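sequence isn't available, so here's the structure alone:
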């Protein structure tokens with residue numbers, strides 16, 4: 001007599017084509033998030049309407065709403081996910097609840113449906129929003145980050161419904177927008193009241209349970225030089241200039257390298273579940289005004305990581321901000337011009353992080369489920385940022401990352417996920433829901 005887990009696994013295997021079809025449907029919605037939210041097209045809304053229809057067919061009560069960005073910002077100013085200037089007109093969040101028979105533990109399955117822009121079409125071998133199945137992989141923007149995970153969590157619930165497996169606990173399903181640009185969609189979801197006894201966020205982890213993610217800081221380092229003719233003999237900097245901001249940027253970049261080397265060996269910057277220490281990554285640079293003029297100004301954009309153990313009093317990265325600011329100030333002390341005209345740091349974003357203890361009851365149950373899905377139960381860290389801090393900290397829903405696909409594929413051209421990963425992820429989620437909510 002096969003076990004319940006074996007019955008679920010066999011049904012998922014038999015449903016592989018439907019999982020791929022569901023993900024293909026989701027990828028076909030160009031739900032691109034924009035820096036200016038008012039530029040957004042209908043893709044986010046259309047995708048959410050599609051998911052709402054699928055949930056209601058399963059018996060979920062649903063809530064589709066456009067969050068009030070300005071009101072959320074005022075309510076949570078200074079807290080994780082509260083980003084000024086974000087608006088949501090025509091860009092709804094979706095939540096749904098399937099009531100259990102009573103007395104069981106509840107679970108929330110959550111993800112985001114917004115995707116980053118695909119970039120230059122010439123970098124793609126397929127149309128980013130016309131999914132193509134080839135050699136066991138589905139290609140398209142969002143297949144990994146993270147519509148693959150959303151498809152798996154939806155299909156897991158549909159399969160449990162088809163097998164008529166009773167669940168005592170409630171199942172909560174949420175999909176949000178705006179994750180790729182700061183997480184205010186997840187803030188709105190938690191503020192709306194969606195929560196459970198445990199949660200799975202289906203960010204891509206190569207089907208490894210990741211109860212930990214990095215926090216991230218986006219910062220702008222501004223370096224003021226003095227512009228002047230690039231081809232003529234300069235005056236001394238302390239008279240009328242020029243002072244080359246490009247050269248000053250090099251000194252700041254060298255200083256960032258020094259701090260990164262220090263962090264490599266700092267126990268506070270390392271975690272046993274993380275492959276790499278915290279890093280400060282330079283992601284953008286700009287300097288100069290004219291081909292024959294020395295740069296009068298430079299900007300360096302950084303992406304800095306931090307761990308939950310480094311949280312400030314607001315569960316954010318204030319301590320690490322101060323650490324970086326002090327280091328940049330010390331770098332400036334080594335240069336006579338920067339000593340008098342120091343670089344300054346403006347912070348753009350602080351996205352929080354979380355860690356679920358390995359002895360949390362849900363972690364143990366989920367490890368059993370992934371093992372029964374023939375996956376490794378070994379815990380891993382999620383090196384990028386994810387939104388698990390918001391449901392975990394603000395929503396009191398301890399949430400782990402677990403989803404299909406190689407996370408290195410995220411944001412890349414020719415993004416793709418294997419059908420094998422999709423099937424295995426769906427198995428693990430379906431078994432976990434059945435075990436946790438029974």
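It's in. From a predicted model like this one, the values you see are computed outputs, not experimental measurements. Numbers count the residues shown, from 1 in each chain.

which parts of the protein are helices?
Along the chain, the stretches classed as helices by DSSP state H are 4-14, 16-27, 43-57, 69-76, 147-162, 184-191, 245-264, 318-333, 336-340, 361-372, 389, 419-437.

what does the shortest one rub up against?
It refers to helix 389. Under the criterion C-beta atoms under 8 Å, 6 or more residues apart in numbering, residues 80, 213, 215, 308, 315, 351, 352, 353, 354 lie in contact with helix 389. Quick note: C-beta positions are derived from backbone N, CA and C, even for glycine.

pLDDT wise, what is the first one at?
Okay, so that is residue 80. Looking at residue 80, its pLDDT is 87.

surely it meets residue 190?
No - Residue 80 is beyond contact range of residue 190, at 9.9 Å (criterion: C-beta atoms under 8 Å).

intersection of neighbour lists for those two?
With contacts defined as C-beta under 8 Å, 6+ apart, the residues adjacent to both residue 80 and residue 190 are 390, 394.

quick one: which of the contacts of helix 389 is the most crowded by neighbours?
Highest neighbour count within the contacts of helix 389: residue 213, with 32 neighbours (other C-beta atoms under 10 Å).

who's in contact with that one?
Residues near residue 213 by C-beta under 8 Å, 6+ apart: 353, 354, 381, 382, 383, 384, 385, 386, 388, 389, 401.

likewise for residue 75?
Going by C-beta under 8 Å, 6+ apart, residue 75 touches 82, 191.

and the one 10 residues further on, by the same measure?
Listed by C-beta under 8 Å, 6+ apart, the contact set of residue 85 reads 37, 69.

check residue 170 too.
Counting by C-beta under 8 Å, 6+ apart, the residues that residue 170 touches are 97, 98, 99, 100, 104, 106, 107, 196, 437.

that older thread, for residue 338, state which of the contacts of helix 389 is nearest.
Each of the contacts of helix 389 was scored against residue 338 by C-beta to C-beta, and residue 215 proved nearest at 28.6 Å.

return the backbone torsion pair for the closest residue to that closest one other than its chain neighbours.
Leaving aside its sequence neighbours, residue 215 sits nearest to residue 353 (C-beta to C-beta, 6 or more residues apart in numbering; 3.5 Å). Dihedral pair for residue 353: phi -140, psi 170, per degrees, to the nearest 10.

check residue 410 too.
According to degrees, to the nearest 10, residue 410 has phi -60, psi 130.

I figured it hits residue 204, correct?
Yes - in this structure, residue 410 is within contact of residue 204 by C-beta under 8 Å, at 6.2 Å.

these two: which is more packed in?
A direct count of neighbours by other C-beta under 10 Å for residue 410 and residue 204 places residue 204 higher, at 30 against 19.

thinking that one is in contact with residue 412, fair?
No - look at residue 204 against residue 412 with C-beta under 8 Å: they stay out of range, at 11.6 Å.

for the contacts of residue 170, which one is nearest residue 431?
Closest to residue 431 out of the contacts of residue 170 is residue 437 (11.2 Å), distances taken as C-beta to C-beta.

any idea how far residue 157 is from that closest one?
In this view, residue 437 and residue 157 are 11 Å apart by C-beta to C-beta, to the nearest Å.

what's the overlap in contacts for those two?
residue 171.

what's near enough to touch residue 169?
100, 103, 104, 105, 106, 107, 197, 436, 437, 438.

mind checking pLDDT for the one residue sitting closest to the centre of the chain?
Using C-alpha atoms, centre = their mean, the residue of the chain that lies closest to the mean C-alpha position is residue 386, 3.5 Å off. For residue 386, the pLDDT comes out at 91.

is it true that it touches residue 403?
No - using C-beta under 8 Å, residue 386 makes no contact with residue 403, being 9.5 Å away.

give me the common contacts of these two.
Taking C-beta under 8 Å, 6+ apart as the criterion, residue 386 and residue 403 both touch 201, 203.

report the buried members of the contacts of residue 169.
Neighbour counting with 16 or more other C-beta atoms under 10 Å marks 100, 104, 105, 106, 107, 197, 436, 437 as buried within the contacts of residue 169.

pairing partners for the lowest-mean-pLDDT helix or strand in the chain, with directions?
Every helix and strand of the chain was ranked by mean pLDDT, DSSP states H and E. The lowest is strand 228-229, at a mean of 86. Strand pairing for strand 228-229, determined by DSSP bridges: strand 293-294 (antiparallel).

how far does the strand it pairs with sit from the chain's center?
Centroid separation for strand 293-294 versus its chain: 39 Å, with C-alpha atoms, centre = their mean, to the nearest Å.

swap in stretch 199-209?
11 Å.

pop the domain breakdown of the chain in here.
Domain assignment for the chain by automatic domain parsing gives 4-213+353-437, 215-351.

starting at the chain centroid, how far to the longest one?
The reference is to domain 4-213+353-437. 11 Å.

distance of residue 263 relative to residue 248?
Separation of residue 263 from residue 248 (C-beta to C-beta): 23 Å.

correction: residue 377
51 Å.

the two - which one has more neighbours?
More crowded of residue 377 and residue 248, by other C-beta under 10 Å: residue 248, with 23 against 17.

count of neighbours near the nearest residue in space to that one that is not next to it in sequence?
Excluding the flanking residues, the one nearest residue 248 by C-beta to C-beta, 6+ apart is residue 223, at 4.7 Å. The tally of other residues near residue 223 (other C-beta under 10 Å) stands at 27.

residue 223 contacts residue 286, doesn't it?
No - using C-beta under 8 Å as the test, residue 223 is too far from residue 286 to be in contact (10.6 Å).

overlap in contacts of those two?
Common contact partners of residue 223 and residue 286 (C-beta under 8 Å, 6+ apart): 298, 299.

report how many residues lie close to residue 380.
What residue 380 shows, counting by other C-beta under 10 Å, is a neighbour count of 19.

quick revisit: out of the domains of the chain, which gets the lowest mean score?
Lowest mean pLDDT of these: domain 215-351, a mean of 93.

returning to what we had before: quick one, what contacts the residue nearest to residue 248?
245, 248, 249, 252, 287, 297, 298, 299, 300, 338, 343.
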